[in-house]
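**Q** Everything below, folded, please.
(one chain, ligands or ions: 3)
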Amino acid sequence: MADQAYVTLATNDDYAKGAMVLGRSLRKHNTTKQLVALIGPHVAEPSRATLSSIYDEVRVVDIMDSGDTAHLALMKRPDLGVTFTKLHCWQLTHYTKCVFMDADTLVLSNIDELFEREELSAAPDPGWPDCFNSGVFVFKPSIETYYSLMTHCIENGSFDGGDQGILNSFFNTWSTADISKHLPFIYNLSSIAIYTYLPAFQQYGHEAKVVHFLGKVKPWNYSYDTKTGKVKGHTPTLGSDDLHPDFLVQWWNLYSSRVLPGLKDAYGGAVFCTGCTEDKTSDNVVETIQAPLPAQKSSMSSEERKQRWEAGQADYMGVDSFESIERKLDCFLK
Ligand code: UDP
Ligand code: GLC
Ligand code: MN
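**A** Numbers count the residues shown, from 1 in each chain. Ligands and ions are numbered 1, 2, ... in the order given. The predicted model follows:
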């Protein structure tokens with residue numbers, strides 16, 4: 001269906017990895033819909049190329065940030081102001097109906113039946129079930145709705161500092177008006193819910209169609225051993241902010257088999273995060289991917305480079321560029 005699409009958002013390279021896995025998971029389950037990734041201007045070229053190999057449309061959008069530190073602090077998620085950027089999805093008017101999915105969601109079976117639903121359909125939020133969770137929702141692109149949402153943002157702000165607060169106050173009859181707009185919880189199953197009601201998860205968990213890695217820690221913050229099939233550094237605590245180990249492994253399986261090879265190619269087969277960790281080159285370990293440093297000029301030793309630097313002859317456009325230094329710092333800080 002050319003006029004219906006799944007839409008996601010990635011403002012940076014980390015969330016782009018999530019978007020890649022999400023796209024692969026939709027393809028794996030034979031969706032007939034178009035796939036659209038909205039990306040921020042800072043998403044690196046290799047990530048864009050990899051997204052383009054999975055998505056039908058990769059569209060750069062301006063970042064919109066609520067800047068609402070007070071409400072974001074209440075959620076303990078200062079990083080979520082940029083989720084206002086999601087609202088751009090209403091501008092995709094070359095589609096008649098869309099399903100938005102957070103980049104931290106993973107599809108476990110075909111969910112194309114969601115397109116039979118109307119705007120705004122979504123599943124309850126596990127923290128406050130009279131609100132919908134905005135990680136998965138059905139919507140109808142419309143410039144009019146987009147501008148009404150913008151006006152609503154300006155006039156009322158968002159009660160959580162992110163898109164979910166805005167969308168719930170804008171579509172404020174969701175909890176009462178029309179039950180067909182309540183998606184079953186299995187279309188947006190979050191770890192928080194799993195651990196707050198474990199018996200229900202045992203009873204219904206096998207029916208899950210979409211898992212949502214909601215919370216501060218995301219699958220890409222871990223690394224993975226392809227030999228043992230284990231996620232490194234993850235000890236399930238059954239705590240409310242924990243990620244479910246089976247779903248985490250599924251995410252990593254898809255990432256290491258269907259995303260990472262293409263992403264490495266896009267980065268020119270470079271070794272990622274040179275000098276960052278000791279075991280980075282071990283074959284069986286897939287480290288969380290980092291943008292590689294720009295190719296070093298092999299003709300110059302590091303001693304020679306240091307001397308040039310000290311003599312005020314830094315290679316500002318090459319190895320000593322700000323971008324290169326920033327990446328190196330990021331690498332060490334990680
Ligand atoms: N997002 C993004 N960059 C960010 C933060 C969020 O692109 O820095 C997008 C991404 O699609 C993400 C969604 O906004 O899945 C919502 O954020 P997140 O999933 O982290 O929120 P949570 O579901 O954990 O509350
Ligand atoms: C929620 C949703 C997420 C949304 C965020 C900010 O927890 O899962 O999709 O972006 O809140 O409102
Ligand atoms: Mn999310």
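
**Q** near ligand 2, anything from stretch 124-133?
**A** Yes - Stretch 124-133 reaches ligand 2 (Cβ under 6 Å from any ligand atom) through residue 133. The way it works is simple: take the backbone N, C-alpha and C, and place the C-beta from them, glycine included.

**Q** Just the buried residues of that stretch, please?
**A** Neighbour counts using 16 or more other Cβ atoms under 10 Å place 124, 125, 126, 127, 131, 132, 133 of stretch 124-133 among the buried residues.

**Q** Contacts only, for the fifth one.
**A** If a contact means Cβ atoms under 8 Å, 6 or more residues apart in numbering, then residue 131 has 124, 125, 164, 168, 174, 175 as its contacts.

**Q** The last one too?
**A** Taking Cβ under 8 Å, 6+ apart as the definition of contact, the neighbours of residue 133 are 122, 123, 124, 125, 126, 164, 188, 190, 212, 214.

**Q** Does residue 122 belong to a helix, a strand or coil?
**A** Recorded secondary structure, residue 122: strand (DSSP: H, G, I helix; E, B strand; the rest coil).

**Q** ok, for it, nearest residue in space, not its chain neighbours?
**A** In space, residue 122 comes closest to residue 132 once its chain neighbours are excluded; the distance is 3.6 Å by Cβ to Cβ, 6 or more residues apart in numbering.

**Q** Dump the contacts of residue 131 to JSON lines, plus pLDDT and secondary structure.
**A** Below are the contacts of residue 131 laid out as JSON lines (pLDDT from 0 to 100; DSSP: H, G, I helix; E, B strand; the rest coil):
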{"residue": "124", "pLDDT": "97", "secondary structure": "strand"}
{"residue": "125", "pLDDT": "96", "secondary structure": "coil"}
{"residue": "164", "pLDDT": "97", "secondary structure": "helix"}
{"residue": "168", "pLDDT": "98", "secondary structure": "helix"}
{"residue": "174", "pLDDT": "98", "secondary structure": "coil"}
{"residue": "175", "pLDDT": "97", "secondary structure": "coil"}
